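J.: no sequence on this one, just coordinates:
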């Protein structure tokens with residue numbers, strides 16, 4: 001993991017001190033809320049429905065046990081004893097008092113963390129494959145390149161006031177676990193004909209009011225030119241992006257209006273005029289960053305007798321292995337997904353006590369590393385097979401062993417109207433009601449892979465557009481209704497969902513999902529996933545089942 005140097009640490013301390021002085025001015029009434037707003041947003045502090053919310057950056061979703069314990073301490077001391085992991089792999093604290101915000105920034109700085117660029121029209125937190133450095137299907141460790149982008153983009157003077165917020169995702173594996181097609185820039189590593197590593201560059205993705213999937217503007221960009229090419233993209237966007245209309249300000253609108261081919265032409269022209277050597281990383285700097293992510297693994301047997309014996313004797317443990325444990329690139333190791341989606345709970349929420357349990361497991365069993373993924377779950381990337389029984393027991397005791405990764409109850413949901421001032425409807429209760437209908441792990445496993453995603457407003461923080469089943473909360477004359485879409489995907493087969501029919505009242509949503517699943521179980525052939533069946537049958541049988549009473 002990348003470690004901050006003396007300059008980084010001094011900068012964070014100075015930044016926290018500066019914000020302390022600004023907060024003191026606000027509390028003393030020397031500046032108004034309108035004057036204070038841009039200052040607090042530059043430090044990740046939002047004013048939501050009931051309190052301030054602090055969004056803490058977790059670059060490319062990577063934590064140490066020390067960092068996670070600090071987050072647990074902050075949540076217990078300054079919030080209500082829990083935090084909420086988002087689809088951007090950040091942690092949000094929803095009940096912050098303004099007077100405490102500077103203290104929290106001091107605590108974060110102590111463990112090389114901060115909340116900068118988690119808000120505002122800047123380059124936000126960089127997202128990467130959560131299995132980075134652990135999976136055998138990657139060409140390189142994407143965290144190396146994510147960290148390079150993070151350093152380049154943090155407080156970049158040219159890109160600190162973009163037309164709109166800007167998000168970048170990086171993957172280097174055959175399977176897209178970072179949803180790169182829904183980002184402003186998605187980077188997918190490829191190998192060229194001569195063996196050279198490079199990136200497929202995708203630009204113009206984004207959900208919200210007008211959803212788009214990113215278009216490929218360059219099939220292959222040599223890795224050594226990554227930063228200079230990103231600079232060219234940002235310059236074209238900064239030059240032409242709309243600043244007069246917030247709904248048309250994202251780069252997705254610019255790419256759509258110009259056309260991907262013309263946008264690519266302008267980027268290539270801008271890149272051709274730039275001095276690449278001024279921006280691109282020199283080899284020694286890339287080597288310095290890469291050394292921070294070098295992992296070492298023991299030589300182990302590919303199978304574990306202790307694991308197999310426990311698996312044979314304990315059906316619950318065997319189910320956990322099937323759903324939450326995945327192959328590692330090193331023999332004798334595994335990747336362990338930790339579900340934050342126990343039926344009945346709030347998706348993505350985790351208590352301080354649970355954070356401490358995961359921190360302890362990460363330190364003891366996973367080379368002191370914990371990851372956050374965009375599905376609002378955690379994972380331990382480097383676990384020995386022999387240690388899986390002990391990890392399962394500790395997770396089960398902390399109510400963190402729900403065996404539902406990628407199943408119907410593994411629901412993505414934004415905070416919605418329970419917290420967010422932008423929301424039109426609640427998302428959390430709907431997610432809880434759906435998950436409770438599929439709380440039986442045998443039923444959820446019978447249904448198989450099915451991704452449900454819920455947003456409380458058109459901003460789509462819950463990624464509903466790319467849910468196999470997507471649910472969007474809307475307001476109709478003061479009542480909460482929900483639009484349902486089917487067939488979306490954020491994976492390598494990325495697609496935007498198709499509207500099922502008229503919006504449903506809140507009381508009907510969980511029932512509708514149950515009916516949709518029923519149609520799938522009736523119609524599926526062989527080992528088809530829900531998405532496969534939907535793409536074969538189309539929307540008609542699902543629509544008929546949900547709206548049958550209306551006919």
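T.: All right, it came through fine. These numbers come from a predicted model, not from an experiment. Numbers count the residues shown, from 1 in each chain.
J.: From residue 357, how far off is residue 365?
T.: 12 Å (C-beta to C-beta, to the nearest Å). (Each C-beta comes from the backbone N, C-alpha and C, glycine too.)
J.: Repeat that for residue 8.
T.: 29 Å.
J.: Residue 533 too?
T.: 38 Å.
J.: Same check on residue 147?
T.: 28 Å.
J.: before we move on, what about residue 159?
T.: For residue 159, the distance to residue 357 equals 39 Å [C-beta to C-beta].
J.: now residue 211
T.: Taken as C-beta to C-beta, the span from residue 211 to residue 357 is 37 Å.
J.: and residue 336, bridged to which residues?
T.: Here residue 336 sits in beta bridges with residue 325, residue 380, going by DSSP bridges.
J.: For it, list the residues it contacts.
T.: 324-326, 366, 379-380, 383, 388, 391 (C-beta atoms under 8 Å, 6 or more residues apart in numbering).
J.: Between residue 533 and residue 357, tell me which one has more neighbours.
T.: A direct count of neighbours by other C-beta atoms under 10 Å for residue 533 and residue 357 places residue 357 higher, at 21 against 18.
J.: The more buried one and residue 400 touch, don't they?
T.: Yes. Assessed by C-beta atoms under 8 Å, residue 357 is found in contact with residue 400 at 6.9 Å.
J.: for the residue nearest the centre of the chain, phi and psi?
T.: For the chain, the residue nearest the mean C-alpha position is residue 374 (2.4 Å; C-alpha atoms, centre = their mean). Torsion angles at residue 374 (phi, psi; degrees, to the nearest 10) stand at phi -70, psi -10.
J.: State the number of residues packed around the closest residue to residue 223 other than its chain neighbours.
T.: Sequence neighbours aside, residue 197 is the residue nearest to residue 223 in space, at 5.0 Å (criterion: C-beta to C-beta, 6 or more residues apart in numbering). The number of residues packed around residue 197, counting by other C-beta under 10 Å, is 16.
J.: same question, residue 287
T.: Residue 287, neighbours per other C-beta under 10 Å, totals 11.
J.: do the same with the one 5 residues further on
T.: When neighbours are counted by other C-beta under 10 Å, residue 292 registers 12.
J.: Isn't it up against residue 5?
T.: No. Residue 292 is beyond contact range of residue 5, at 11.0 Å (criterion: C-beta under 8 Å).
J.: quick one, strands of the stretch 351-500 of the chain?
T.: All strands of the stretch 351-500 of the chain, identified by DSSP state E, counting those that start in this stretch, fall at 370-372, 378-384, 412-413, 452-455, 469-476, 479-486, 498-499.
J.: Of the ones you listed, give the one that comes closest to residue 136.
T.: strand 378-384 (12.8 Å; C-beta to C-beta).
J.: quick one: buried residues of the closest one?
T.: Buried residues in strand 378-384, defined by neighbour count with 16 or more other C-beta atoms under 10 Å: 378-384.
J.: cool, and stretch 353-361?
T.: In stretch 353-361, the ones that count as buried by 16+ other C-beta under 10 Å are 354-359, 361.
J.: Now tabulate these in JSON lines and tack on distance to residue 142 and pLDDT.
T.: Converted to JSON lines, those look like this (distance: C-beta to C-beta, whole Å; pLDDT from 0 to 100):
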{"residue": "354", "distance to residue 142": "27", "pLDDT": "98"}
{"residue": "355", "distance to residue 142": "25", "pLDDT": "98"}
{"residue": "356", "distance to residue 142": "29", "pLDDT": "98"}
{"residue": "357", "distance to residue 142": "28", "pLDDT": "98"}
{"residue": "358", "distance to residue 142": "23", "pLDDT": "98"}
{"residue": "359", "distance to residue 142": "24", "pLDDT": "98"}
{"residue": "361", "distance to residue 142": "24", "pLDDT": "98"}
